[in-house]
Structures are given as structure tokens and as C-alpha cells.
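In: Here is a sequence together with a model predicted from it:
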Amino acid sequence: MSRSRISRVVVTPVAFGDPPLLNVVGVHQPYALRAIVEVHTDSGLLGLGETYADEAHLGRLDAVAAALPGHDPYDLNGLRRLVTEVLGRETGGASASFGGMLDVSSAVDTVHSPFEVACLDLQGREAGVPVSDLLGGAVRERVPFSGYLFYKWAGHPGHADDAWGEALTPDQVVDQARRMVDGWGFGSLKLKGGVLPPDEECAAIEALRDAFPDLPLRLDPNGAWTVDTSVKVADRLAGVVEYLEDPTPGIEGMAAVSARTDVPLATNMCVIAMEHLPPAIAQGAVQVVLSDHHLWGGLRKSALLGGITEVWGMGLSMHSNSHLGVSLAAMVHLAAATPNLTYACDTHYPWKTEDVIAPDVLSFESGSVAVPTASGLGVELDRDALGALHEQYLGCGVRRREDTAYMRSIRPDFSPHTSRW
Ligand SMILES: O=C([O-])[C@@H](O)[C@@H](O)[C@H](O)[C@@H](O)C(=O)[O-]
Ligand SMILES: [Mg+2]
């Protein structure tokens, strides 16, 4: 029997409504963007991937998509070689930047990721096994997520208030958390900080501790604090948070904080590629690394990251950005097959109201999602929804994530809060 080959690749940018969630660099725009990648084979199978959809990234995805027909979907090393060659030719191996917070020195990992996920989806569909089996087998039947809390305005300026309402005070943050816990059953909570002065964010965490005495808590100001402030916050929240995520920027800054506290430090900002691991480990900068298959080059490289953190006795958690169901499925399979991923994963999923996948396959119960047992990723595209969200992309005017520019359109004197306090 001849092996199936990739016959056609389709990259569809979509836009979905996003509330005004605040962070260190500004505020979420009214629409978040994603690209849905379809990889078709000459045997009639379809594999799915999902990734960012900033304009520059879309151009790179399209260049790789054009080069893929004829490729063997089982040849993932060859896929990476092809992505490297295409990007070298088309862009000179450019770096990539996402939303003003995440910068990578090479775009290869971020571009490779959705095609690798789609090929693994195809492999699973052909073999009749879930993707988690291709990653070594699920070690858990359900993947726990943490409820992701954000400071936010009541609605986007000029629009009606959204269903969540305002969250700028500790009481409002607790109300938001209650809604997350009641609606999704989350068993841990993360607050996105870097928005208000650290004392106010500590007060919100303490209010959460009072309201939810048993839930593990995390605070992530995305590098808004100096080393000294980070140490002060760590002293105040010792025993209250399970980890502090990126209190200060950079490996050296994190190492300086880590030397002065026993509170575990986590990162999805200073260790976001393999080359960052040796210096971070040598300097003892972080105790927990947040994996993210979109950034780290796909599911297999993220599994490798799991192995490396295990060898070095580091904790492993999982990062998220605004995403849809194809990404959620990939995250669930990866987390299920990564034995040392013992922290609840991040997800922005509760913040969205639209999706591109057929409903009810991935549902949250007790804050966790059951690992799909159907073949491949276990999710199917809803073609009508995909078409509608693509139309929304075409009409919405947003072409890249620009939290700072959007914030400045509302508050012209805004500067990102990086190392501000
Ligand atoms: O969605 C946001 O505003 C977050 O701040 C996101 O962009 C971060 O990448 C992320 O969630 C984090 O953990 O830093
Ligand atoms: Mg983070």
C-alpha cells in the first residue's frame, strides 16, 4: 500500500470576540486572531492545527503551506527541515514577536508547530488512535486547568458592557473567580497582574485566599516589577501562592529574585526556547517552566521540554494565549501524555464565546477536560463557524495583536508597565 502524501494545505485566519482584558502592555483588542491550519492528504484525510494569526506570521504560514504538497505526513523531521528552508529563503530566518510580550529569535518553532500538530492529527486518524498515544500514551484521563483571572474594564469603550463586567478591585476579582469556579469547577486560580501597583495586586491575591482557602493561587505580572519589589511581594505572598510567574524580566533578574526567596518562580517569558534552558538552569533562575506547544515548536518538542525539566528537577506548567478549540485539544493531548506536567494548565478558553470546532467534545468538568479518545485530536471543524469567524476576520480590521497601541487609542499617555514598580 502506498503511503499517503499531503495534497493540499489551507490556512484560514479567524477573529473572535475578546473582552478588554488588561495586562502589563495594555489591553486586549475587541477581537483576538487565530489561524486554523488544515492539512489534507491524497487519501482523503484531514489534520488540524491552530496558531497565532498576526500578519507576519500568516505570511510565513502561507509560504510553508505552499511548499507542503507531496510531503509525507509521517516525516516530522523533514517537516522541520522544510520549514527552516522555506523561512530562510522567504524571510532570511526572521525572528517573531507576539503581542509585545513574547519575542522569539527564530520563527521556525512557531511556524512549524501548527503543521506538526496537523500531521500528528493525521497520523492518529490514519492509525485510529488519539494523539496522546502518539506522544507516549495518556498518563491521566482528565487534564486540570486553572481559572485565569484578569483585571478588566466593564466593556470595550464605545460598546455595551460584556457579561463579565468590571474587575479592578479585590472584591470584583473575587466575584470573577467565583464565576469561574462555579461555571467551570476550576481547582486553582491564576491572576494576571502587572496592571495595578503591586500592593493592590497582593491585596487581590489575599482576598482570593480568604474566599477560596483551599485553591492553589498564582500571580503573573509579566515582568512589571523590579528585583527588590519582586522580593517584597514574594515575602508577602510566601505560603499564599504556589508560584510567582515572571515577577521581573530576564533570566538574570529572575535569578536575582530567586536567590532571595523560597517562593517558586515560574516563567513563560525568560525561558521560551531550548537555548534559554542552560543559562536559566546554571543561574537557578526559575523553578517552574511553562510549556506552550505553539511557541516551543510543536507537541514533540514540548514533550522533550517535559523530559528536560524532569531531569533538572524543575516543575512544569502550561502557558496559554487567547485560543480556540483546536489548540485546546492539542494542549489536552500534550498535557495528558506528559507525566511531570503536574501543575494545572493555563487556558483563556472561558473568555471566548465563539469557536471553530463542533461543540461539546471538549467540556470542562471540575476544572478539567477529558482527554479525547477518538482518533487524532478528536475534534472536527464546524465549517459554518469557521466561515463566519473568517468573515469576522475580514471585516474587523484587526491584523495583529497590539495591546499597547489599542490601549493608547484610549489612554494616549499609556506606557507598558515592564519593570515599572
Ligand atoms: O492574554 C494575556 O493578556 C496574557 O498576558 C498573555 O498574553 C500571556 O502571554 C500569558 O497569558 C502569560 O501567562 O504571560
Ligand atoms: Mg505568564
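Out: Noted; the coordinates are in hand. Ligands and ions are numbered 1, 2, ... in the order given.

In: which residues touch the closest residue to residue 370 other than its chain neighbours?
Out: Leaving aside its sequence neighbours, residue 370 sits nearest to residue 142 (CB to CB, 6 or more residues apart in numbering; 5.3 Å). All C-beta spots, glycine's among them, are computed from the backbone N, C-alpha and C. Counting by CB atoms under 8 Å, 6 or more residues apart in numbering, residue 142 touches 365-366, 368-371.

In: One more: residue 91?
Out: Residue 91 sits in contact with 59-60, 63, 107, where contact means CB under 8 Å, 6+ apart.

In: quick one: which of the contacts of residue 142 is nearest to residue 50?
Out: residue 369 (15.5 Å; CB to CB).

In: helices and strands around the one helix or strand the closest one maps to, which ones?
Out: Following DSSP states H and E, one finds residue 369 within strand 368-370. Packing contacts for strand 368-370, counted by 3 or more CB pairs under 8 Å, 6 or more residues apart in numbering; DSSP states H and E, involve strand 142-144.

In: Quick check: next helix or strand after the strand it packs on?
Out: strand 147-150.

In: Assign a three-state SS to the spatially most central residue of the chain, would you?
Out: Nearest to the geometric centre of the chain sits residue 320, at 2.0 Å (CA atoms, centre = their mean). With DSSP: H, G, I helix; E, B strand; the rest coil as the basis, residue 320 sits in coil.

In: Phi first, then psi, for the residue in the chain positioned nearest to ligand 1.
Out: Nearest residue of the chain to ligand 1, counting by CB to the nearest ligand atom: residue 23, 3.8 Å away. Phi and psi for residue 23, reported as degrees, to the nearest 10, are phi -150, psi -170.

In: Just confirm it contacts residue 196, I think it does.
Out: No. Taking CB atoms under 8 Å as the definition, residue 23 is not a contact partner of residue 196, at 11.4 Å.

In: quick one: average pLDDT of stretch 234-252?
Out: Averaging pLDDT along stretch 234-252 yields 98.

In: Same check on stretch 376-391?
Out: 98.

In: that older thread, and which of the contacts of residue 142 is nearest residue 302?
Out: Of the contacts of residue 142, the one sitting nearest to residue 302 (CB to CB) turns out to be residue 371, at 15.7 Å.

In: The closest one contacts residue 336, correct?
Out: Yes. Here residue 371 reaches residue 336: they are 4.2 Å apart, a contact under CB under 8 Å.

In: which residues do those two both contact?
Out: Counting by CB under 8 Å, 6+ apart, the residues touching both residue 371 and residue 336 are 132, 138, 140-141, 143.

In: Contacts only, for the closest residue to residue 315 other than its chain neighbours.
Out: Counting by CB to CB, 6+ apart, the nearest residue to residue 315 once its immediate chain neighbours are dropped is residue 288, at 3.8 Å. Residues near residue 288 by CB under 8 Å, 6+ apart: 243, 264-267, 314-317, 343.

In: Now, the residues you listed that are in strands?
Out: Mapping the contacts of residue 288 onto strands (DSSP state E) picks out 243, 265-267, 315-317.
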